[in-house]
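Trainee: Fold the following, please.
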Amino acid sequence: MKPIIEFCSSNMHHGTDQVMKRLEENPDFEVIEYGCLGNCGECYMFPYALVDGEIVAAESADALYDAIMAEVDKQQESRKELDKLLDDL
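Mentor: I've put the predicted structure just below:
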């Protein structure tokens, strides 16, 4: 299953539009832009996105890209561990 990465169009003033474009180039991700994600406090304060529903935020757009990639890796590893546990049952 592809990770779903969601962006708020109101957050683009932080440079997240470039992060979104970079992620859209990767066919392993489902990248979606919404008019609002309902996280106005985060949206105003710093660059952020949702990765499979989890808020990922950073001090800069470049750091956000790295944080998103780390969260994707973390979630994929957690899925692998869960699948292994289920296989062992």
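
Trainee: Output the contacting helices and strands for the top helix by length along the chain.
Mentor: If you go by DSSP state H, the chain has its longest helix at helix 61-88. Helix 61-88 is packed against helix 16-24, strand 48-51, strand 54-57, with contacts defined by 3 or more C-beta pairs under 8 Å, 6 or more residues apart in numbering; DSSP states H and E. C-beta: built from backbone N, CA, C; applies to glycine.

Trainee: Go through the ones you listed and name the closest to Leu85.
Mentor: Checking those against Leu85 by C-beta to C-beta gives strand 54-57 as the closest, at 20.7 Å.

Trainee: Which of the residues in the closest one are classified as buried?
Mentor: 56-57 (16 or more other C-beta atoms under 10 Å).

Trainee: Paired strands for that strand, with orientation please.
Mentor: Here strand 54-57 has these sheet partners by DSSP bridges: strand 48-51 (antiparallel).

Trainee: contacts for the strand it pairs with?
Mentor: Contacts to strand 48-51, defined as C-beta atoms under 8 Å, 6 or more residues apart in numbering, come from residues 3-8, 11, 16, 19-20, 37, 39, 42, 55-58, 64, 68, 71-72, 75.

Trainee: cool, and stretch 7-20?
Mentor: In contact with stretch 7-20 (C-beta under 8 Å, 6+ apart) are residues 5, 31-37, 39-40, 42-43, 46-49, 60-61, 64-65, 68.
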